[in-house]
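> okay, sequence plus prediction incoming.
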Amino acid sequence: MNNSTLTRNLFLRIAPVVVVTIVVIAAFAFNSATREINNIYDAQLIDDANVIWSLLRRPLEKNPGHGAKQIDDIDFNMDNQLAFNEDADDYADAHMFRAWVDGNIRFYSSTAFLSDVPQQKVGFTTLVYGGEDWRVYSLPIPNTTIVIELGEKIALRETLVSNILLNLFFPLLMLVPVIGFLIWLGINSGLRTIHGVVRQIRTRSPDDLSAIPVEGLPRDLLPLGRSINQLLEKLAQSLTLERRFSDLAAHQLRTPQASVKLLLQMLGNSDNEHERQAIVADLVASNNHATHLIEQLLRLARVSHHPLNPTSVMVYHLVASVLAEFGNIITSRELDVVLEGDEKVEVKTDESLMRLLVTNLLDNAIKYTPVGGKIRVSISSEDGFGQVSISDSGPGIPLHEREAVFQRFYRLNTLHSEGAGLGLAIVADTADRLSATVELSTPRWSKGLQVDLRLLAN
């Protein structure tokens, strides 16, 4: 069972983004700090080299040939100065200098490279000495053979960058729970409107399908609110239709049931054999009417709940098989039935629902065609659609009632009207499920009814 909430899911999506953003910012900050500190320290090396040249200029120019000499007055050890700042001890051995004359070391600091390390090229150089990386700047003095060489441990720069980032990292680390809490509060606040909509729907009674107010919803939630209202409207219409259908079905079933009850009472009180046979015949007719009504109701329910399974259907063969099922009644009523048209017409549809659709259309045509009448079934295709046209010589349907006959339990007010008024309602519902169209017209012989069924061809 999934117990996650929308708040939790959103938090788990947003929190990693915030963490990754902090990491990316830290990476950019590290690169930027390293670059700036390197620039500053390189500039400092240049300044220090010029300062040392200024201090040693006279000794180097006056006594260029003397041997190497360590300079204690300009010593980066700063032994006597460390007492002013204990932290400065970390940087005490991080610098060195050498002064070269004619390729030989003339002056050097106590922290300088040994003589086996050659003079470095002019400008900046990076080398490894004593297992550590050094950044060295060589300053050649114009018009002389003097070169001032100043070096600095790269670890000094890296330590400074690390200290800066650590001083920033720990406050940020302390802020992560605060940021997470604020994100959680922000998500809950943003979802408060959705929670309100859910609360409105949850607290309603099953009979309350009125629209929820959408005026105060944020713009992003308006489609959701409108969709819910559309669904509620459809549910209300569906429930209204179902209740009306149930009421009408109960009324229609009550009529044959009452008739059967009355006929049974009459049968019990009858002493005449001929009268009894007439009553039994009426009982059979009432039972057949009730059975037909129940079958129609089941067909209607089947249309609403039947899952669609579109396949390729050969229209001519399907109609022929349905006509074969009506063979006995066609023969008994001496009907002139003709099936004609293109045998290769193929449509993409649900075969069982299409069979139900054609069965109801042919059942209506046979039922209302008088004895000895004619029925023409034509199969054709046009503009990407397959068409089944069923024409009969029955009484037809008046033009002003051709739209109403597709309503449930609607019956024509004529002497020829019979049945429960569900046949064409089943046709309409089935056609709607199959995205088909049904049109009523008058046959070319100017009497009766023509039904044109159009489906999308394969």
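Perfect, thanks for sending it. Numbers count the residues shown, from 1 in each chain.
> C-alpha from now on. contacts and neighbour counts both.
Will do.
> so Ile375 is in contact with Ser391, correct?
Yes - contact status for Ile375 versus Ser391: in contact at 5.6 Å, counting by CA atoms under 8 Å.
> now do the helices in the stretch 301-450 of the chain.
Applying DSSP state H, counting those that start in this stretch to the stretch 301-450 of the chain gives helices spanning 315-325, 327-332, 351-368, 423-433.
> neighbour count for Ile375 and Ser391, which is higher?
Ser391 (28 against 22; other CA atoms under 10 Å).
> hang on, that one packs against Arg376?
Yes - counting by CA under 8 Å, Arg376 is a contact partner of Ser391 at 5.1 Å.
> count of residues packed around Gly186?
The local packing of Gly186 (other CA under 10 Å) involves 14 other residues.
> quick one, phi psi at it?
Here is the backbone geometry of Gly186 (degrees, to the nearest 10): phi -60, psi -40.
> can you list the buried residues in stretch 134-152?
134-140, 146-152 (16 or more other CA atoms under 10 Å).
> check stretch 359-373 too.
So stretch 359-373, judged by 16+ other CA under 10 Å, has buried residues 359-362, 364-371, 373.
> kindly report the same for stretch 441-458.
441-443, 448-457.
> kindly export that stretch (C-alpha atoms) in CSV.
The C-alpha coordinates for stretch 441-458 follow below in CSV (Å, rounded to 0.1, in the frame of the first residue of the first chain):
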residue,chain,number,x,y,z
SER,A,441,-35.2,8.8,-44.3
THR,A,442,-37.9,7.5,-46.7
PRO,A,443,-37.1,4.7,-49.2
ARG,A,444,-37.1,5.4,-52.9
TRP,A,445,-40.5,3.7,-53.3
SER,A,446,-42.0,6.6,-51.1
LYS,A,447,-43.4,4.5,-48.3
GLY,A,448,-41.9,2.9,-45.2
LEU,A,449,-38.6,3.7,-43.5
GLN,A,450,-34.9,3.7,-44.6
VAL,A,451,-32.1,3.6,-42.0
ASP,A,452,-28.6,4.4,-43.1
LEU,A,453,-25.8,3.2,-40.7
ARG,A,454,-22.3,4.6,-41.4
LEU,A,455,-19.1,3.3,-39.8
LEU,A,456,-15.5,4.2,-40.4
ALA,A,457,-14.0,1.8,-43.0
ASN,A,458,-10.9,-0.2,-42.2
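> in space, not sequence, find me the middle residue of this structure.
Leu224 (13.7 Å; CA atoms, centre = their mean).
> quick one: which of the buried residues of stretch 134-152 is nearest Leu399?
Arg135 (102.1 Å; CA to CA).
> my read is that closest one is in a strand, agree?
Yes - counting by DSSP: H, G, I helix; E, B strand; the rest coil, Arg135 is part of a strand.
> would you agree it is in contact with Leu127?
Yes - counting by CA under 8 Å, Arg135 touches Leu127, with 6.8 Å between them.
> pull the distance from whichever helix or strand Phe28 is part of to the chain's centre.
Using DSSP states H and E, Phe28 sits in helix 6-62. Counting by CA atoms, centre = their mean, to the nearest Å, helix 6-62 is centred 45 Å from the centre of its parent chain.
> check which helices and strands it is in contact with.
In this structure, helix 6-62 packs against strand 132-140, strand 146-153, helix 154-190, with contacts taken as 3 or more CA pairs under 8 Å, 6 or more residues apart in numbering; DSSP states H and E.
> much appreciated, bye for now.
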